[in-house]
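[1] Dropping the sequence and predicted coords here.
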Amino acid sequence: MEHTQILKNNVGLLTCCIIMLLGLQMQAQIAIGGGLGYNEKISGPGITAKAEFNITDEITVSPGITYFFGNNLYGFNQNTLAVDANAHYFFPILENKLKIYPLLGVNYSNYKSGASYYSYYYETYEVSDSAFGVNIGAGGRWQFSEKLSVYLEPKYVVSDYEQVIANAGILFQL
């Protein structure tokens, strides 16, 4: 009986969230896209998927996810999965074609590293960890048309696993 009540409460909460998101989508401009990134901590490239939700003409909330492949040197490899939620405040330059912005947000990163090597036997090991952090950075966005723009975002992640990350990509306005 208690599980049924919990399920009903969760369905009601989910329904309210969906209605609020649909209402927000009707009012807010949304851009989605992705690109490439580089993480200096693991010296490796990555791929990024991100969205931008305009709260006002100047303020944007931007969630994103990036997977960094890392490097693979002498059997030792590293990779990172980073989930971000950032806020931007746009300063329009050049007739609204170019916008620059400070970036401030939160970060959750999951790190994995491991090695495979031969001793008497073939051995492998893997270590993983995660950390929460704060993103501090800046960005620039060049708008080619009403529907298409490119961006560049260097940022510093302050956490137990401090790192400098640069992302560049393309956004499509919905």
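    Sure, I can see it.
[2] from here on, contacts and neighbour counts on C-alpha atoms
    Will do.
[3] Could I get the average pLDDT for stretch 161-174?
    For stretch 161-174, mean pLDDT rounds to 93.
[4] I'd guessed Phe68 sits against Ile47; true?
    Yes - under the criterion of CA atoms under 8 Å, Phe68 is in contact with Ile47, at a separation of 6.6 Å.
[5] For the residue nearest the centre of the chain, pull up the helix or strand it's in.
    The residue lying closest to the centre of the chain (CA atoms, centre = their mean) is Gly64, at 2.7 Å. For Gly64, the enclosing helix or strand under DSSP states H and E is strand 59-68.
[6] This structure: strands as residue ranges?
    30-39, 44-54, 59-68, 72-73, 76-89, 91-93, 98-118, 122-143, 148-158, 163-173 (DSSP state E).
[7] weakest of those in terms of mean pLDDT?
    Minimum mean pLDDT among these: strand 72-73, a mean of 64.
[8] circling back to that earlier point, which one of Phe68 and Ile47 is surrounded by more residues?
    Phe68 (22 against 18; other CA atoms under 10 Å).
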